[in-house]
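Enquirer: here you go, sequence then predicted model.
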Amino acid sequence: MTITSNITESKELFWFNNTLVAIHVSSSKGSDGICVVEHHMPYWDSPPLHVHHREDEVFHILEGRMRFHIDGRERIAVTGETVVAPKGLAHTFRVESSGGARCLTITRGSDFETLLRQMGRPADRPELPPQSAPTPEIIAVLTRCCTANGIDIIGAPLV
């Protein structure tokens, strides 16, 4: 199975690390600060273990299979399922489906959205960016940017 993008070019598109991100609803659009982001992620993609201090992070799986690690417990989620990573709890995930995965990430507040905008680069097409391993310099910049946005990186990605 290969996950295909149906993101339209009318959305704000960013390449964030090895993923394609579309901001569907910006936190600045409503009084509650809800942000809805669509992520397209390649097989085996995994962010570092991290903690959001001011925002819960809700994942709704649109396509694919993802392994979540939240507060020391693991859970597999598939298309149609929703997973919550409460603020203050360490979490990460890994894309398990060979064709990649797509999910909506929903937060209340601007921390995560601001991080995506600061660390992302405009995507010139609605597909995954060229894949590359992060350099020590990129990891250092990401760590500083996360900290500035109420997110602490506390461990490695899932392997």
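Expert: Arrived safely, thanks for sending.

Enquirer: drop to CA atoms for contacts and neighbour counts, all remaining ones
Expert: Noted.

Enquirer: for Ile70, name its beta-bridge partners.
Expert: Arg73, His91 (DSSP bridges).

Enquirer: so how far is Gly33 from it?
Expert: Distance of Ile70 to Gly33, given as Cα to Cα, to the nearest Å: 24 Å.

Enquirer: neighbour-wise, which of the two wins?
Expert: Counted by other Cα atoms under 10 Å, Ile70 and Gly33 do not tie: Ile70 has more neighbours, with 20 against 15.

Enquirer: what residue lies at the spatial centre of the chain?
Expert: His39 (6.1 Å; Cα atoms, centre = their mean).

Enquirer: quickly run through the sheet partners of the helix or strand hosting that residue, with directions.
Expert: Remark: His39 resides in strand 34-41, with elements defined by DSSP states H and E. Strand 34-41 pairs in its sheet with strand 19-25 (antiparallel), strand 101-108 (antiparallel), by DSSP bridges.

Enquirer: residues making contact with that strand?
Expert: 5, 18-28, 95, 100-110, 113, 128 (Cα atoms under 8 Å, 6 or more residues apart in numbering).

Enquirer: these two touch, right, Ser26 and Phe112?
Expert: No - applying Cα atoms under 8 Å as the test, Ser26 and Phe112 come out as separate, 10.6 Å apart.

Enquirer: for the protein, just list every one of the helices.
Expert: For the chain, the helices defined by DSSP state H occupy 111-119, 136-148.

Enquirer: ok so, going back, quick one: the residue nearest to the centre of the chain and Ser98, what's the gap?
Expert: Counting by Cα to Cα, the gap from His39 to Ser98 is 16 Å.

Enquirer: could you do Leu49 as well?
Expert: 22 Å.

Enquirer: these two: who's more crowded?
Expert: Under the neighbour definition other Cα under 10 Å, Leu49 and Ser98 were set side by side, and Leu49 has more, 18 against 14.
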